[in-house]
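Asks: Got a sequence here, can you model it:
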Amino acid sequence: MIYDVAVIGGGITGASVAHALSRYDVSVVLLEKESDVALGATRANSGIVHAGYDPASDTLMATLNVRGNAMMPGLCLDLDVLFDPCGSLVVAVGPDEDATVRSLLERGRRNGVPGLEVIDRERLLSMEPNLTTEASSALWAPSAGIVNPWDLCIAMCGVFVRAGGTVLLNSEVTATERAEDVWLLHTASSVIRARRIVNAAGLYSDEVHALTTPADFSIRPARGQYFLLDKSQGSAVRSVIFSCPSADTKGVLIARTVHGNLLVGPTKEPIDDKEDTATTAGGLREIREKALRMVDSIQFRENIANFSGIRANPDRDDFIIRKVGSIPDYYEAAGIKSPGLASAPAIGQYVLELLREGGLELRDKKEFSGDPGFLTRRIVRFNRMSDEERAALIARDPRYGRIVCRCETVTEGEVLDAIRSPLPARTIDAVKRRTAAGLGRCQGGFCGPRIASLLAEELRVPPTGILKDRAGSYVFTGPTKDPFDPEGSAHTAESVTADPGTVEAAKDDPVVPIFEKEAPDAR
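Replies: Numbering: from 1, shown residues only. As a prediction, this is how the structure comes out:
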């Protein structure tokens, strides 16, 4: 098969391009090198839908930020993705930072950000009573919000697949070549043929470009570390709080997540290794000190996780979204750093228009024309239902009455929905990204074994074949005893290796029932 378009990269940018193409009668494949989408910068994104006052005026970044921000509420409504239009505040302390806030106001107005205003200390403290009394003014941006970044990415990819698109996971593009008017994209397991390429490879977009011709840009990765605090701290702020930006950072942020936790960070650390997502004592100390200057009541002892993400910073101060003139039928959306998440819906549309201008014929699919809900999604969120809705759901399917994740109140029915979805979960963390099971205070300590059991049963593989997330992250090496041996004697099982063929072959093997079949008693 020859695809009309091959999108390289399954982060929020590639997902937005694929989603934008979903309504049209074209064949599209999305290639992702990892075992799931949203495993790069998207996974460790702060989830802030920036208003658009920060990018320099007259840049593509500024235009797409404001445009994407305006698209986000409707998109999240269509895709049933959690979104909170909580607004944001850039908090100033002292005359110098007051001046910075006023300059951001003027830039934001030039960029077309709606509703921007500078508020005084009295109004600021009425809006955010937990802020330090040293605050002198703030920039209020009511159009800002928070979203779940990986849920948005997964939702767009799921709709794309349901509309006829193809997602190929574990498919890193290692070489490209041109054969007449068709691109050949080589992966470890196959050769993909496509008439057009869209390079949306994030941190690796410069390297993917270099597979064809030397890149005229480079990605300079920067690491950002975060604290994720328990929901007991989620009420510390009502909106997204930024400290005043400097030359090195946009400022530390304090924000609720859409699940009710408190997120604090990030740092900005230039690094050489694009996979170096370590956290450091020094980086976390820096975040804590800066955050406490703004909200001194935050209890960092309620921390449930630390993590870091890598930003795909380009060697220029703008996004690189273009048709590459020197390469036939080659497009790219590269260097998508912050505010990439807020810009993503608009980036998808921008690339779509570039493809149209390049000769791709875009006709609506018949299904889209006849069904207004063709590109929408609805999922079950048991923890957000009323008692009446829960009772009706359980009456229809008792599996929604079995709690798997106690921290987030996620049911067996929801886990099975994730495993059976258009873009199915195949690892423990993939279930977490789709359902929130494992995001809570215990970080999967209780629900992890049950989720692994459900995955093993649904995929018909032994538990030893279940991954936590990326390739090779096996959780189990074998049962500790033979459950069928009344004497409880030791039992040795051969471990499933990382060879995909071995895992595939194991599908016909009997599943060793080393987990309980029902969820543990919730008392």
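
Asks: residues contacting the closest residue to residue 14 other than its chain neighbours?
Replies: Spatially, and ignoring its direct neighbours in sequence, residue 14 is nearest to residue 200 (3.7 Å; CB to CB, 6 or more residues apart in numbering). Every residue, glycine included, has its C-beta placed from N, CA and C. Applying CB atoms under 8 Å, 6 or more residues apart in numbering to residue 200 gives the contacts 7, 8, 9, 11, 13, 14, 17, 332, 333, 334, 336.

Asks: so the third one sits right up against residue 205, yeah?
Replies: The one in question is residue 9. Yes: counting by CB atoms under 8 Å, residue 9 does reach residue 205; the two are 7.3 Å apart.

Asks: Find residues that contact each of the two.
Replies: Residues touching both residue 9 and residue 205 by CB under 8 Å, 6+ apart: residue 199.

Asks: neighbour count winner among those two?
Replies: It is residue 9, of residue 9 and residue 205, that has more neighbours when counted by other CB atoms under 10 Å, with 31 against 26.

Asks: Now the most centrally placed residue in the chain: which helix or strand?
Replies: The centre of the chain sits closest to residue 150, judged by CA atoms, centre = their mean, with a distance of 2.4 Å. Take DSSP states H and E as the rule and residue 150 turns out to sit in helix 149-162.

Asks: average model confidence for the following helix or strand past that helix?
Replies: Heading C-terminal from helix 149-162, the first helix or strand you meet, by DSSP H and E, is strand 166-168. Mean per-residue pLDDT for strand 166-168: 98.

Asks: Tell me where the stretch 401-523 of the chain is predicted with low confidence.
Replies: For the stretch 401-523 of the chain, applying pLDDT under 70 flags the ranges 482-523.

Asks: That one: helices as residue ranges?
Replies: For the stretch 401-523 of the chain, helices defined by DSSP state H, counting those that start in this stretch occupy the ranges 412-419, 428-435, 448-459, 500-505.

Asks: cool, the stretch 151-300 of the chain as well?
Replies: 205-210, 281-294.

Asks: Mind listing the residues bridging to residue 255?
Replies: residue 263 (DSSP bridges).

Asks: Now do the contacts for it.
Replies: By CB under 8 Å, 6+ apart, the contact set of residue 255 is 46, 47, 48, 86, 146, 237, 239, 240, 241, 262, 263.

Asks: could the residues you listed go into CSV alongside neighbour count?
Replies: Formatted as CSV, the contacts of residue 255 follow (neighbours: other CB atoms under 10 Å):
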residue, neighbour count
46, 20
47, 25
48, 23
86, 19
146, 23
237, 24
239, 23
240, 26
241, 25
262, 27
263, 22
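
Asks: re earlier: mean neighbour count, the helices of the stretch 151-300 of the chain: which tops it?
Replies: For those, the largest average neighbour count (mean count of other CB atoms under 10 Å) is found in helix 205-210, namely a mean of 21.

Asks: Show me the contact partners of it.
Replies: Helix 205-210 is contacted by residues 8-9, 173, 199, 201, 215, 217-219, 312, 320, 324, 332-335 when judged by CB under 8 Å, 6+ apart.

Asks: tilt between the longest helix anywhere in the chain and helix 149-162?
Replies: Secondary structure of the chain per DSSP state H: the longest helix is helix 60-79. Here helix 60-79 runs at an angle of 70 degrees relative to helix 149-162 (axes from the mean of the first three to the mean of the last three CA atoms, to 10 degrees).
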